[in-house]
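>>> have a look at this fold, sequence not included:
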């Protein structure tokens, strides 16, 4: 076999292959022998059908099978001998399989282009977290109180900030009765509706009242049938409740983590906010580093890589579309093409630098991550480690740690467990 390799594009390899006629004939004869062993014809004992009869009856089909196998085998051999690692399906063209001549064909295949990332050791991009202000701590404490608040029934007219449990008595949309509207599953908060007539009409009423409302639904309403239309409604208020926020007392502090004082709780909140702000700043720095290296080190992306990414996003969109019509593949490609390119380049850059700098995850780092996950899921460490080893999760953990360490190296972050 003779194979000649050329490079029309950085991501493409064109392999011109020629298989000698003798090799094709030999493969053909071997295939005929196999057919003689396996085929059954009336009047002949198994394995005793003459080769001439087999060739006369099945010769073209056997030759086609031989050609197909030789094309695949020769292509794989050419890739191995020339250190070609395809990332997409091979495209065979200019096939010449006439009898009496060498078998020849050309294969176009895609590969990850060779890259060299320069300047990564001269970057001065560092995480710059913002200082947490006391107002942010107080706001977070208020949000915590709000999440721990409870709804209490009140016997008074409704007002802004109250929560109403309602049910539809009747709904007429553009003169037509609408009977398929489901009652809200959760209380509605007065003052938060995007339809002003609803907030205004439901204010000042007590539980048990039936309220008449005339509303105009906005054009961007979630229900396409109602969007932009007018409606006359009768709504029964079954419950009026007000939100009661917990006091900052010993009971609240105990529920939040057994804190000694409000100041201790605030300090814990501050530390949590600082940790989140540091993570935000680090992610911002990571993105700046990658964007800078992409800009300063241009290289191409194999179309097959992009297609694979778009296929994945299309599958995910179909999976989570539920009863809605999922976006078309063309829409997915238009939306995610740039993301596909950046995702691939990001991975190539991180792999290149990790290899260059010999960055890898240690066994201790992998074990510590599995140990944290075992605590999170209330599993035994040894048991979970065996499960992860069998299903491949350990390799993913190792890759994630390697990536994180590489990004920290690029942004000047000290190595950590």
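Thanks, I have the structure now. It should be emphasised that the depicted structure is a prediction, and the values quoted were computed from it without experimental measurement.
>>> what separates residue 151 from residue 235, distance-wise?
19 Å (C-beta to C-beta, to the nearest Å). For the C-beta atoms, the positions are set from N, CA and C on the backbone; glycine is no exception.
>>> and stretch 327-343, which residues are buried?
By neighbour count on 16 or more other C-beta atoms under 10 Å, the buried set for stretch 327-343 is 327, 332-333, 336, 340-341.
>>> ok, these vs residue 207, which is closest?
Closest approach to residue 207 among the buried residues of stretch 327-343 (C-beta to C-beta): residue 327, at 44.2 Å.
>>> which stretch of helix or strand covers the residue nearest the centre of the chain?
Ranked by distance to the mean C-alpha position of the chain (C-alpha atoms, centre = their mean), the top residue is residue 313 at 6.9 Å. Counting by DSSP states H and E, the element that carries residue 313 is helix 303-320.
>>> give the contact list for residue 95.
Going by C-beta atoms under 8 Å, 6 or more residues apart in numbering, residue 95 touches 67, 71, 104-105.
>>> for the buried ones among those, write the corresponding PyMOL selection.
Buried residues among these (16+ other C-beta under 10 Å), as a PyMOL selection:
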select buried, resi 67+71+104+105
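>>> just the ones of the contacts of residue 95 in helices?
67, 71 (DSSP state H).
>>> residue 355: which of the contacts of residue 95 is nearest?
The nearest member of those to residue 355, counting by C-beta to C-beta, is residue 71 at 34.2 Å.
>>> so that closest one touches residue 93, yeah?
No. If you go by C-beta atoms under 8 Å, residue 71 and residue 93 don't touch, sitting 11.3 Å apart.
>>> common neighbours of those two, please.
With C-beta under 8 Å, 6+ apart, residue 71 and residue 93 have common neighbours residue 105.
>>> show me where the chain has its helices.
Using DSSP H, helices in the chain cover 21-38, 51-81, 134-147, 196-202, 250-255, 262-296, 303-320, 329-356, 363-376, 381-391, 393-410.
>>> quick one: which of these is nearest residue 89?
Nearest of these (C-beta to C-beta): helix 303-320, 7.4 Å.
>>> with adjacent residues omitted, what lies nearest to residue 286?
Closest residue to residue 286 apart from its sequence neighbours, by C-beta to C-beta, 6 or more residues apart in numbering: residue 407 at 4.8 Å.
>>> ugh, wrong one, residue 289
residue 410 (4.7 Å).
>>> could you say what helices and strands the helix holding residue 313 packs with?
On a contact count with 3 or more C-beta pairs under 8 Å, 6 or more residues apart in numbering; DSSP states H and E, helix 303-320 meets strand 103-110, helix 329-356.
>>> recalculate using a threshold of 6 Å.
When contacts are defined as 3 or more C-beta pairs under 6 Å, 6 or more residues apart in numbering; DSSP states H and E, helix 303-320 packs onto helix 329-356.
>>> residue 151 and residue 235: who's more crowded?
Counted by other C-beta atoms under 10 Å, residue 151 and residue 235 do not tie: residue 235 has more neighbours, with 22 against 15.
>>> touching, the more buried one and residue 214? I think so.
No. Applying C-beta atoms under 6 Å, one finds residue 235 not in contact with residue 214, separated by 11.6 Å.
>>> which strand residues bridge the closest residue in space to residue 78 that isn't next to it in sequence?
In space, and not counting its chain neighbours, residue 78 is closest to residue 3: 3.8 Å by C-beta to C-beta, 6+ apart. Beta-bridge partners for residue 3, by DSSP bridges, are residue 17.
>>> tell me the spacing between the nearest residue to residue 40 once chain neighbours are set aside and residue 352.
In this structure, residue 40 finds its nearest non-sequential neighbour in residue 46, 6.1 Å apart by C-beta to C-beta, 6+ apart. Per C-beta to C-beta, residue 46 is found 59 Å from residue 352.
>>> which one's more surrounded, the two?
residue 352 (18 against 11).
>>> mind pulling up the pLDDT for that one?
Per-residue pLDDT puts residue 352 at 97.
>>> if we can go back for a sec, tally of neighbours for the residue nearest to residue 78?
Quick note: residue 3 (other C-beta under 10 Å) scores 18 neighbours.
>>> any idea how far residue 77 is from it?
For residue 3 relative to residue 77 (C-beta to C-beta), the value is 8 Å.
>>> one more: residue 46?
Residue 46 is 34 Å from residue 77, by C-beta to C-beta.
>>> also residue 172?
Residue 172 is 76 Å from residue 77, by C-beta to C-beta.
>>> and for residue 307, the neighbour number?
15.
>>> try residue 108
16.
>>> quick one, domains of this protein?
2-110, 150-244, 263-410 (automatic domain parsing).
>>> now distance to residue 253 too, for those domains, in TSV please.
Supplementary listing: these in TSV, determined by distance: least, C-beta to C-beta, whole Å:
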stretch	distance to residue 253
domain 2-110	57
domain 150-244	17
domain 263-410	6
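>>> among those, which is nearest residue 140?
Taking these one by one with C-beta to C-beta, domain 263-410 is closest: 5.0 Å.
>>> list the beta-bridge partners for the closest residue to residue 238 other than its chain neighbours.
In space, and not counting its chain neighbours, residue 238 is closest to residue 165: 4.8 Å by C-beta to C-beta, 6+ apart. For residue 165, the beta-bridge partners are residue 239 (DSSP bridges).
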